[in-house]
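K.L.:
sequence? don't have it. structure:
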């Protein structure tokens with residue numbers, strides 16, 4: 001080739017590279033990105049803590065956090081971002097739940113439905129229901145559910161943290177799933193005596209020897225871990241375990257209890273991996289068989305949970321992240337009409353000179369009835385399906401019983417199914433029908449829904465897990 005021909009060839013070749021550039025590293029891989037965020041959500045001293053006793057905060061043992069991630073899909077996928085945010089609060093209900101979802105969705109550029117908000121449910125923490133607070137204020141009650149200004153300040157703080165995190169979103173190439181067995185934490189509230197008598201009194205801490213000697217009962221003994229990776233680096237891991245998250249509570253001392261200790265320990269052990277912990281379907285699961293409520297038992301439970309979380313990540317299998325799909329079902333849950341749950345009865349409680357618990361419970365009931373009495377009102381059940389449904393993340397409402405988590409896993413035995421509880425928590429306990437038939441004592445007051453919802457809920461879960469679904473706008 002002559003020098004002039006060689007020069008012309010090089011010019012044409014360079015033009016070709018300019019016209020058809022090589023794919024960037026991001027384009028040649030999945031195109032997914034993940035942003036992680038956290039914010040302090042600790043209440044001020046004097047603020048009401050749920051505690052089961054509606055006690056004001058007297059001290060702070062450990063700060064409370066909201067921790068989450070935003071999964072950003074490839075630009076051409078047609079999907080919108082998915083937000084997952086887990087909060088160190090007891091519950092978020094009704095219009096407070098909507099406010100959280102709307103604020104985080106706006107910050108992430110997505111929709112309310114695609115915003116998964118869950119609470120861990122530690123009791124020495126706030127419980128949020130804005131309408132319940134307004135009901136108390138309108139009635140002149142001296143008691144508190146949630147300080148409205150504090151609540152809005154926290155929501156804005158978390159939304160701001162989310163928005164700012166988007167600028168540093170990291171690319172995701174792989175998805176990881178794993179499970180790790182947890183020893184000696186979870187036990188079902190339900191147990192049987194030697195004579196066949198059924199009892200439901202195994203609480204978070206238990207001194208009754210009959211309850212402590214009885215078998216664990218129906219539980220999910222595993223921590224599930226869903227992780228997001230850039231090549232061989234785990235950027236974030238969401239660990240989920242089904243148990244009530246309390247070792248002891250009710251003394252007015254704010255804290256994240258043993259799940260917070262375990263989460264912090266995992267963050268220290270793997271500082272480059274963002275740690276999120278969530279409670280699974282655990283309305284009827286506690287640590288009561290293995291916990292007497294003594295303060296020295298809290299770090300023991302935390303260590304056991306930490307070891308299970310570590311085992312789940314160690315057992316993780318990674319595969320390339322190839323697709324995401326959002327699913328949504330909506331479920332109608334009728335309000336409870338039994339004695340003490342009518343609107344008139346609840347209003348009478350607030351009109352009386354009741355204590356903080358009585359007023360708070362009645363206000364929560366009225367706030368729920370304001371929605372549930374509307375026959376058009378349904379509760380969102382969102383799901384994220386990854387890699388064509390081989391991995392599924394579901395968010396279920398309230399203090400839903402563990403049997404729903406186990407049922408979800410059985411419905412998709414060849415897939416990885418992770419269920420978070422404590423989404424929209426206004427209904428309270430969501431039991432299976434057997435609990436009603438056996439007079440589960442926990443359903444005496446902290447359950448605002450009528451019997452008969454088990455098959456409806458399971459049908460919705462089954463629909464979320466099926467292979468094909470109607471596209472969600």
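P.N.:
Structure's in. What do you need? The structure displayed is predicted, hence computed values, not measured ones. Residues are numbered from 1 along each chain as shown.

K.L.:
can you pull the contacts of residue 362?
P.N.:
Neighbour list for residue 362: 346, 347, 349, 350, 354 [criterion: Cβ atoms under 8 Å, 6 or more residues apart in numbering]. Heads up, the C-betas are built off the backbone N, CA and C, glycines and all.

K.L.:
count of neighbours near the second one?
P.N.:
When you say that, I think you mean residue 347. Neighbourhood size, residue 347 [other Cβ atoms under 10 Å]: 16.

K.L.:
cool, and the last one?
P.N.:
Residue neighbour count, defined by other Cβ under 10 Å, stands at 16 for residue 354.

K.L.:
how far away is it from residue 342?
P.N.:
Residue 354 is 17 Å from residue 342, where distance means Cβ to Cβ, to the nearest Å.

K.L.:
Output the lowest mean pLDDT helix or strand found in this protein.
P.N.:
Of all helical and strand segments in the chain, the minimum by mean pLDDT, DSSP states H and E falls on helix 25-28, at a mean of 38.

K.L.:
What pairs with the next helix or strand after that helix, parallel or antiparallel?
P.N.:
Going down the chain from helix 25-28, the next helix or strand is strand 32-40, by DSSP states H and E. Strand pairing for strand 32-40, determined by DSSP bridges: strand 65-72 (antiparallel), strand 170-172 (antiparallel).

K.L.:
Can you tell me the SS state at the closest residue to residue 211 other than its chain neighbours?
P.N.:
Excluding the flanking residues, the one nearest residue 211 by Cβ to Cβ, 6 or more residues apart in numbering is residue 202, at 4.4 Å. Under DSSP: H, G, I helix; E, B strand; the rest coil, residue 202 falls in the coil class.

K.L.:
Specify the beta-bridge partners of the nearest residue to residue 422 once chain neighbours are set aside.
P.N.:
Computed as Cβ to Cβ, 6+ apart, the closest residue to residue 422 that is not its neighbour in sequence is residue 119, at 4.6 Å. Beta-bridge partners of residue 119, counted by DSSP bridges, are residue 87.

K.L.:
in terms of contact, does residue 119 touch residue 90 like I think?
P.N.:
Yes: in this structure, residue 119 is within contact of residue 90 by Cβ atoms under 8 Å, at 6.4 Å.

K.L.:
Any idea how many residues pack against residue 137?
P.N.:
Residue 137: 14 surrounding residues under other Cβ under 10 Å.

K.L.:
ok, now the one 3 residues further on?
P.N.:
Using other Cβ under 10 Å, residue 140 has 8 other residues around it.

K.L.:
Name the nearest of the contacts of residue 362 relative to residue 32.
P.N.:
Among these, residue 346 lies closest to residue 32 (Cβ to Cβ), at 46.9 Å.

K.L.:
For that closest one, grab phi and psi.
P.N.:
phi -70, psi -40 (degrees, to the nearest 10).

K.L.:
What distance do you get for it to residue 352?
P.N.:
According to Cβ to Cβ, residue 346 and residue 352 sit 11 Å apart.

K.L.:
Please identify which of these two sits among more neighbours.
P.N.:
residue 346 (21 against 11).

K.L.:
what's near enough to touch the more buried one?
P.N.:
By Cβ under 8 Å, 6+ apart, the contact list for residue 346 reads 362, 363, 365, 366, 369.

K.L.:
what do you get for residue 424?
P.N.:
Residues in contact with residue 424 (Cβ under 8 Å, 6+ apart) are 92, 93, 94, 97, 379, 380, 397, 398.

K.L.:
ok, residue 119 and residue 90, which is more surrounded?
P.N.:
residue 119 (29 against 25).

K.L.:
So the residue lying closest to residue 399 once chain neighbours are set aside: helix, strand or coil?
P.N.:
Excluding the flanking residues, the one nearest residue 399 by Cβ to Cβ, 6+ apart is residue 283, at 3.3 Å. Per three-state DSSP, the secondary structure class of residue 283 is coil.

K.L.:
Geometrically speaking, which residue is the centre of this protein?
P.N.:
The centroid of the chain falls nearest to residue 118 when counting by Cα atoms, centre = their mean (3.0 Å).

K.L.:
how about the strands in the stretch 51-200 of the chain?
P.N.:
All strands of the stretch 51-200 of the chain, identified by DSSP state E, counting those that start in this stretch, fall at 55-56, 59-60, 65-72, 82-87, 91-92, 115-119, 127-128, 170-172, 174-181, 187-188, 191-192, 198-199.

K.L.:
mind putting these in JSON lines, distance to residue 436 included?
P.N.:
Below are the strands of the stretch 51-200 of the chain laid out as JSON lines (distance: least, Cβ to Cβ, whole Å):
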{"stretch": "strand 55-56", "distance to residue 436": "30"}
{"stretch": "strand 59-60", "distance to residue 436": "39"}
{"stretch": "strand 65-72", "distance to residue 436": "34"}
{"stretch": "strand 82-87", "distance to residue 436": "30"}
{"stretch": "strand 91-92", "distance to residue 436": "22"}
{"stretch": "strand 115-119", "distance to residue 436": "25"}
{"stretch": "strand 127-128", "distance to residue 436": "25"}
{"stretch": "strand 170-172", "distance to residue 436": "44"}
{"stretch": "strand 174-181", "distance to residue 436": "31"}
{"stretch": "strand 187-188", "distance to residue 436": "16"}
{"stretch": "strand 191-192", "distance to residue 436": "18"}
{"stretch": "strand 198-199", "distance to residue 436": "13"}
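
K.L.:
which helices and strands sit right next to the helix or strand containing residue 312?
P.N.:
Using DSSP H and E, residue 312 maps to helix 297-314. Counting contacts by 3 or more Cβ pairs under 8 Å, 6 or more residues apart in numbering; DSSP states H and E, helix 297-314 is packed against strand 174-181, strand 222-230, strand 233-241, helix 257-269.

K.L.:
Go through those and name the closest to residue 411.
P.N.:
Across the helices and strands packed on helix 297-314, closest to residue 411 is strand 222-230 (Cβ to Cβ), at 15.4 Å.

K.L.:
Can you tell me what sits against the closest one?
P.N.:
By Cβ under 8 Å, 6+ apart, strand 222-230 touches 34, 69, 71, 170-182, 234-241, 273, 280, 305, 308-309, 311-313, 316, 318, 321, 391, 393, 416, 418.

K.L.:
Pairing partners for it, with directions?
P.N.:
With DSSP bridges as the test, strand 222-230 is paired with strand 174-181 (antiparallel), strand 233-241 (antiparallel).

K.L.:
Next SSE downstream of the longest one?
P.N.:
What that stands for is strand 233-241. strand 253-254.

K.L.:
ok now that next one, how far from the chain's centre?
P.N.:
Chain-centre distance of strand 253-254: 21 Å, with Cα atoms, centre = their mean, to the nearest Å.

K.L.:
how about stretch 205-212: buried residues?
P.N.:
By neighbour count with 16 or more other Cβ atoms under 10 Å, stretch 205-212 contains the buried residues 205, 206, 211, 212.

K.L.:
my guess is the second one is in a strand, correct?
P.N.:
If I follow you right, that is residue 206. No: counting by three-state DSSP, one finds residue 206 to be coil, located in no strand.
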